[in-house]
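Chemist: sequence and predicted structure, then a few things I'm wondering about:
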Amino acid sequence: MSGDRHTLRIANEEIRRKALHWISKAPIGWLVEFSAPRRTDIQNRRLWAMLGDISKQVEHFGLHYEPEAWKLIALAALGKEVRMAPALHGNGLVPLGISTRKLTKSEMSDLIESLFVFGAEKGVVWSDPTLIQADAASTRKVAA
């Protein structure tokens, strides 16, 4: 093991054994970090499709917002910190973007689910075929 940083995705027992070996050989003082898997590209595409649909169809407190703004609104609703910075001349605040790149699969699922519920409450018509199917399935459950 050479270098200062290594990442293994535990996909099978062989990789698990490799991780154990690396831990047993790591110098004292090294940091070992375990994390849940990050969000997937499929989740990311679904999120942006949903944000696009919401931005086209939903008025929020009398205003329409771009998908990026809806992302910040949704992340804040889930308790993610939305940081603000003073504008260049101090005349107002500017939201500093939050990246969804570092969200775990579970966190991204929660975000998508909250947008799905919000969209259902607002009557959003989804453009993503998988969301249309999920919407139809949930409607059938409610009607039953």
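Modeler: Sure thing, it's come through.
Chemist: right, and residue 77 touches residue 114 too?
Modeler: Yes - with contact defined as CB atoms under 8 Å, residue 77 and residue 114 form a contacting pair (6.4 Å). C-betas here are computed from N, CA, C, even on glycine.
Chemist: per-residue confidence at residue 140?
Modeler: Predicted confidence (pLDDT) at residue 140: the value is 50.
Chemist: also residue 136?
Modeler: Among the per-residue scores, residue 136 holds a pLDDT of 56.
Chemist: same check on residue 17?
Modeler: Note for residue 17: predicted pLDDT of 94.
Chemist: what of residue 97?
Modeler: At residue 97, the pLDDT recorded in the model is 70.
Chemist: distance check, it against residue 67.
Modeler: In this view, residue 97 and residue 67 are 12 Å apart by CB to CB, to the nearest Å.
Chemist: of the two, which one has the most company?
Modeler: When neighbours are counted by other CB atoms under 10 Å, residue 67 comes out ahead of the other of residue 97 and residue 67, with 16 against 12.
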